[in-house]
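# Any chance you can model this:
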Amino acid sequence: MSLKRTTPVASALLLAAALLSPPAVTAAPAGALAVPDISLSNVQAHLNSFQTIANNNGGNRAHGRPGYRASIDYVKAKLDAAGYTTSVQQFSHGGATGYNLIADWPGGDPNDVLMLGGHLDSVTSGPGINDNGTGSAGILEVALTVARENLKPKKHLRFGWWGAEELGLVGSNYYVNQLPAAEKSRIKAYLNFDMTGSPNPGYFVYSASGQPSGSAQLQQVLQAGFSGVVATELTSVGGRSDHAAFARAGIPVGGLFTGAETTKTSAQASKWGGQAGVAFDRCYHRACDTISNIDTTALDRMSDVIGYALWTLAGSDGTPGGQKFVNDDDLALPDQATVESSITVSGVSGNAPAALVVGVDITHTYRGDLVIDLVAPDGTAFRVKNSGSDSGDNLVTTYTVNASGEAANGVWKLRVRDAGPQDVGRLNSWYLQF
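Numbering: from 1, shown residues only. Now for the predicted structure:
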């Protein structure tokens with residue numbers, strides 16, 4: 001993370017506001033989506049390579065130094081071999097040449113770009129393995145997993161590794177500022193990953209508060225990726241990292257962060273473990289930010305959520321024809337009762353897709369009461385939503401289910417249970433998108 005930024009503070013008020021305000025899209029629980037595991041050992045291998053590059057180039061990977069260019073070459077070689085279209089963008093800062101690396105995965109809608117990025121440079125005082133080798137390595141391994149899985153997303157996928165972030169977000173500002181207006185408008189979301197393996201970690205998700213419209217969805221998806229794994233806090237990152245240029249351009253932004261120089265509180269230590277009264281990263285911007293300055297559990301979880309976010313947001317065009325089946329008959333949702341609504345699917349060959357889209361439109365006065373299952377024709381139930389403490393009204397959202405083991409044709413049911421007292425609602429409509 002750049003020196004020219006204020007300290008991020010996780011805000012309980014922001015979290016409360018997010019819970020009380022209904023999001024544009026409520027993300028599916030992690031278990032409802034078939035996301036491949038992002039290999040921790042592979043991410044660590046990339047970090048070891050960054051450490052070796054620093055060792056062989058004066059101890060750092062900073063802008064204008066040979067270690068940075070060697071880092072660009074390492075990432076580019078991996079992506080080229082995996083089938084990406086890569087380009088190295090040059091810029092000048094402080095009398096030295098800087099580089100951004102851009103990688104595009106073939107296919108997807110060119111007018112609907114999902115972009116993931118993070119900075120690849122370190123400060124001059126150290127190798128920058130947490131800041132930001134971790135985010136860079138996690139993004140790289142997610143990109144390589146996309147290639148190994150031969151993902152065919154509906155959105156066009158783009159990845160960026162930024163230069164000279166530590167000197168004032170120079171590379172990402174250059175990239176966004178030089179884009180023609182039409183190209184900027186094609187980027188529908190940008191996710192930033194800067195420091196994802198801090199040794200005394202927190203689990204922070206960028207708050208959508210004050211960010212461009214559409215950022216709330218990204219926040220919700222990232223939070224959902226940790227569901228059942230670890231609690232998160234929202235953090236107001238402000239202009240501290242490379243998402244800032246995208247936000248200024250009106251592009252929805254989100255991101256993850258495990259903490260930098262800020263001290264972990266007692267409450268956070270109780271929630272996450274680690275040491276209270278100690279910085280999340282005591283080696284922040286220091287020579288000791290080496291391969292030993294990493295919490296592997298945090299790195300593993302964060303890398304997995306990067307993958308979860310991409311798979312959730314990118315969609316898939318690997319579906320048999322893209323047929324949509326709708327039931328728009330109103331159905332009352334009585335208090336503490338279970339109801340079912342049916343859709344008959346026909347004319348679809350083979351099995352359902354691995355990314356079957358389930359859309360729901362529910363009016364309800366306390367959506368945290370709702371438990372929702374998709375029931376396949378053979379009776380197999382896929383849980384897409386659990387009950388919780390979300391007190392917002394209504395639920396208008398989509399979920400993604402891996403139904404590849406089920407025959408597509410037959411009677412599918414949406415089972416909705418009101419699990420709490422007092423509040424009632426109705427199912428306005430729901431659909432299946434094959």
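
# give me the number of residues near the nearest residue to His285 once chain neighbours are set aside?
Once flanking residues are discounted, His285 sits nearest to Val123: 4.9 Å by CB to CB, 6 or more residues apart in numbering. In short, each C-beta sits where N, CA and C put it, glycine included. Residues near Val123, counting by other CB atoms under 10 Å, number 23.

# Let me know whether Val123 touches Tyr284 as I believe.
No. Using CB atoms under 8 Å, Val123 makes no contact with Tyr284, being 9.3 Å away.

# which residues are common contacts for the two?
Asp131 (CB atoms under 8 Å, 6 or more residues apart in numbering).

# Could you work out the end-to-end span of stretch 201-212 for me?
By CA to CA, to the nearest Å, the extent of stretch 201-212 from end to end equals 28 Å.

# ugh, wrong one, stretch 121-129
This stretch, stretch 121-129, spans 10 Å end to end (CA to CA).

# May I see the buried residues of that stretch?
Asp121, Ser122, Val123, Thr124, Gly126, Pro127, Gly128, Ile129 (16 or more other CB atoms under 10 Å).

# again, but for stretch 380-398
382-385, 387-388, 390, 392, 394-398.

# now, the most widely separated pair of these?
With CB to CB as the measure, no two of those lie farther apart than Phe382 and Gly392, at 23.4 Å.

# Surely His156 and Val113 touch.
Yes. If you go by CB under 8 Å, His156 and Val113 touch, sitting 4.8 Å apart.

# Within the helices and strands, which one has Val305?
Element membership of Val305, judged by DSSP states H and E, is helix 296-314.

# quick revisit: reformat the buried residues of stretch 121-129 as JSON lines; add distance to Phe204 and pLDDT.
Below are the buried residues of stretch 121-129 laid out as JSON lines (distance: CB to CB, whole Å; pLDDT from 0 to 100):
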{"residue": "Asp121", "distance to Phe204": "22", "pLDDT": "98"}
{"residue": "Ser122", "distance to Phe204": "21", "pLDDT": "98"}
{"residue": "Val123", "distance to Phe204": "21", "pLDDT": "98"}
{"residue": "Thr124", "distance to Phe204": "26", "pLDDT": "98"}
{"residue": "Gly126", "distance to Phe204": "22", "pLDDT": "98"}
{"residue": "Pro127", "distance to Phe204": "23", "pLDDT": "98"}
{"residue": "Gly128", "distance to Phe204": "19", "pLDDT": "98"}
{"residue": "Ile129", "distance to Phe204": "19", "pLDDT": "98"}
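
# got CSV for these, with secondary structure and distance to Ala137 too?
CSV is the format used below for the buried residues of stretch 121-129 (DSSP: H, G, I helix; E, B strand; the rest coil; distance: CB to CB, whole Å):
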residue, secondary structure, distance to Ala137
Asp121, coil, 14
Ser122, strand, 13
Val123, coil, 17
Thr124, coil, 21
Gly126, coil, 16
Pro127, coil, 13
Gly128, coil, 11
Ile129, helix, 9
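
# From the residues you listed, pick the one nearest Leu374.
Ile129 (42.5 Å).

# ok, now which ones touch the closest one?
Ile129 neighbours (CB under 8 Å, 6+ apart): Leu47, Phe50, Gln51, Ala54, Asp289, Thr290, Ile291, Asn293, Ile294.

# again, only using 6 Å
Taking CB atoms under 6 Å, 6 or more residues apart in numbering, we find Ile129 in contact with Leu47, Gln51, Asp289, Thr290, Ile291, Asn293.

# Would you map the helices across the chain?
Counting by DSSP state H, the chain has helices at residues 12-20, 40-55, 66-82, 135-148, 170-178, 181-186, 215-225, 243-248, 266-272, 296-314.

# Please tabulate those helices in a markdown table and include distance to Val424, mean neighbour count and mean pLDDT as additional columns.
Converted to a markdown table, those look like this (distance: least, CB to CB, whole Å; neighbours: other CB atoms under 10 Å; pLDDT from 0 to 100):
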| stretch | distance to Val424 | mean neighbour count | mean pLDDT |
| --- | --- | --- | --- |
| helix 12-20 | 20 | 14 | 33 |
| helix 40-55 | 45 | 19 | 98 |
| helix 66-82 | 51 | 19 | 97 |
| helix 135-148 | 42 | 24 | 96 |
| helix 170-178 | 47 | 21 | 98 |
| helix 181-186 | 42 | 12 | 97 |
| helix 215-225 | 24 | 24 | 93 |
| helix 243-248 | 39 | 22 | 98 |
| helix 266-272 | 34 | 15 | 98 |
| helix 296-314 | 30 | 24 | 96 |
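
# Out of those helices, which is closest to His364?
helix 12-20 (15.0 Å).

# In this protein, which residue is most central in space?
Closest residue to the average C-alpha location of the chain: Ala309 at 3.4 Å, with CA atoms, centre = their mean.

# could you measure it against Gly197, distance?
17 Å (CB to CB, to the nearest Å).

# Trp162 too?
Applying CB to CB to Trp162 and Gly197 gives a distance of 18 Å.

# Which ones among the buried residues of stretch 380-398 lie within strands?
Phe382, Arg383, Val384, Lys385, Leu395, Val396, Thr397, Thr398 (DSSP state E).

# what pLDDT does the nearest residue to Gln89 once chain neighbours are set aside get?
Nearest in space to Gln89, with sequence neighbours left out and distances taken as CB to CB, 6+ apart, is Asn100 at 4.2 Å. Listed pLDDT for Asn100 reads 98.

# In contact with Asn100: list those residues for me.
By CB under 6 Å, 6+ apart, the neighbours of Asn100 are Gln89, Trp162, Gly163, Gly171, Tyr175.

# Among the residues you listed, which one lies nearest to Asp300?
Trp162 (23.8 Å).

# if I look at the closest residue to Ala354 other than its chain neighbours, how far off is Tyr175?
Nearest non-adjacent residue to Ala354, counting by CB to CB, 6+ apart: Ser404, 4.3 Å away. For Ser404, the distance to Tyr175 equals 37 Å [CB to CB].

# and what of Ala147?
With CB to CB as the criterion, Ala147 and Tyr175 are 23 Å apart.

# do the same with Gln323
Taken as CB to CB, the span from Gln323 to Tyr175 is 39 Å.
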